[in-house]
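Participant: sequence isn't available, so here's the structure alone:
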Ligand SMILES: *Cc1c(COP(=O)(O)O)cnc(C)c1O
């Protein structure tokens, strides 16, 4: 079976962990469109962003020219606690599928937060500390980002205020306790602690919340509290930059094995793990050095790429954040309370949106029960209990491998296994009990929310 001597797991040496992040925007001919001031519709300046974000992170957000950015030593040291993450050859899955395809996955779930989010959380906390701030505010959906950030903040001695989407707060009490154990305060969103929360509750009593609502609340608190800034766990260019560590490690490991992937697959919520995983490969594609099929996988219940519109939109429900040009379902879109927790965001990274718009990557959407079927199969043969979000990528990796079985092609597939699913047992329970449903929004629902996009003339 291991005729080609590829090991089950490939770990890099500590000395091979990247010391620079890669900024794919530097190699893009069509740069992602700039963030716009929601009042003037002019590109946001660093000065305008400074009440909301940390200064160094703003510089990274606006940097479209430097391909490589040094990872500060303190962050490199922290990375060494839980990185490199393994690149695993899915021999058992290949066997179960009886496919000639070769499947690899990069596993980011080997840290207490249970996902890739720690890669950016530690960077953002570091820059907040370096700026002399007291603390940061944020939102969390499924809870992974809040957990990662609370770990990072406790490491650097920063206060951490988390607004957690209400449905998750109720479904995942243990996530909440992990955050509190690391010293964070956790408030279910929408809440009565902010003006925007009160307004949303008045308009939608009984709402289970959304990431868009929670972002509005966290931004309000950051901008009204001395010594605080807001941090975000996905969507932004700076987050994709930090997550490039995933792709850089993957590429180094594959190069060492002498393997060139044909297909690279990742789940897409706001786009950070996928953006990070594909960065160095996309860089080669943009520079004309190599070609890869790259597939973003999103839930059919929140299909930003596949059914959204490429347009300027608010990043939050309260419409206080800058406007970003992205594939969006409209900032008022509140997805059904299903289990694709970390993928329930109305928009998408503007970098990935531009790459998708330019035909450099593909996107597909999958239904929840199919996702859990793949998760179950994967757990049984590969031993890791995957997060529901990650299982979207597993679903499509399995489907591509099954296509290879039909055609006899020996394609090499790499996918991102972003995290573990231990806190998602309510969802697994529904699946095991045969009670899982697939809610897919109707065309009318989407048209209604997309019709409310702001009108922006792009003549800046
Ligand atoms: C947050 C999360 C995602 C989705 O977020 P992206 O920014 O799109 O990567 C996927 N998987 C896990 C485990 C997550 O925690």
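Facilitator: Nice, I can see it. Not measured: the values here are computed from a predicted model.

Participant: so residue 267 touches residue 274, yeah?
Facilitator: Yes: if you go by CB atoms under 8 Å, residue 267 and residue 274 touch, sitting 6.9 Å apart. Yep, even glycine has a C-beta here, placed from its N, CA and C like the rest.

Participant: overlap in contacts of these two?
Facilitator: 296, 416 (CB atoms under 8 Å, 6 or more residues apart in numbering).

Participant: give me the mean pLDDT for stretch 74-94.
Facilitator: For stretch 74-94, the mean pLDDT works out to 97.

Participant: gap between the two ends of that stretch?
Facilitator: Stretch 74-94 stretches 39 Å from its first residue to its last (CA to CA, to the nearest Å).

Participant: interface residues of this structure facing the ligand?
Facilitator: 115, 117, 144-145, 234, 267-274, 342-343, 387, 389-390, 418-419 (CB under 6 Å from any ligand atom).

Participant: lowest confidence element among the helices and strands of this structure?
Facilitator: Within the chain, no helix or strand scores below helix 166-171, which has a mean of 88 by mean pLDDT, DSSP states H and E.

Participant: downstream of it, the next helix or strand is which one?
Facilitator: Where DSSP states H and E defines the elements, the next helix or strand beyond helix 166-171 is helix 173-181.

Participant: the helix or strand following that next one packs against which elements?
Facilitator: Using DSSP H and E, the helix or strand that follows helix 173-181 in sequence is strand 185-189. Under the contact criterion of 3 or more CB pairs under 8 Å, 6 or more residues apart in numbering; DSSP states H and E, strand 185-189 touches strand 159-165, helix 166-171, helix 173-181, helix 211-224.

Participant: how about the shortest one: buried residues?
Facilitator: This points to helix 166-171. For helix 166-171, burial by neighbour count (16 or more other CB atoms under 10 Å) applies to 166-169, 171.

Participant: what do you get for the longest one?
Facilitator: Of all the residues in helix 211-224, those buried under the rule 16+ other CB under 10 Å are 211-222.

Participant: turn the residues you listed into TSV, columns for pLDDT.
Facilitator: Below are those laid out as TSV (pLDDT from 0 to 100):
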residue	pLDDT
211	82
212	81
213	87
214	92
215	90
216	91
217	95
218	96
219	94
220	95
221	97
222	96
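
Participant: run a quick neighbour tally on residue 366.
Facilitator: The tally of other residues near residue 366 (other CB atoms under 10 Å) stands at 23.

Participant: quickly find the element holding the closest residue in space to it that isn't next to it in sequence.
Facilitator: Leaving aside its chain neighbours, residue 366 sits nearest to residue 395 (5.0 Å; criterion: CB to CB, 6 or more residues apart in numbering). Assigned by DSSP H and E, residue 395 belongs to helix 388-407.

Participant: before we move on, back to that, the ligand: which of the buried residues of helix 166-171 is nearest?
Facilitator: For the buried residues of helix 166-171, the residue nearest the ligand by CB to the nearest ligand atom is residue 168; the value is 11.3 Å.

Participant: show me the contacts for the closest one.
Facilitator: 140-143, 175, 341 are the contacts of residue 168 under CB under 8 Å, 6+ apart.

Participant: dump those residues to JSON lines, plus neighbour count, pLDDT and secondary structure.
Facilitator: Shown next, in JSON lines, are the contacts of residue 168 (neighbours: other CB atoms under 10 Å; pLDDT from 0 to 100; DSSP: H, G, I helix; E, B strand; the rest coil):
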{"residue": "140", "neighbour count": "32", "pLDDT": "93", "secondary structure": "strand"}
{"residue": "141", "neighbour count": "28", "pLDDT": "86", "secondary structure": "coil"}
{"residue": "142", "neighbour count": "31", "pLDDT": "84", "secondary structure": "coil"}
{"residue": "143", "neighbour count": "30", "pLDDT": "91", "secondary structure": "coil"}
{"residue": "175", "neighbour count": "25", "pLDDT": "93", "secondary structure": "helix"}
{"residue": "341", "neighbour count": "27", "pLDDT": "63", "secondary structure": "helix"}
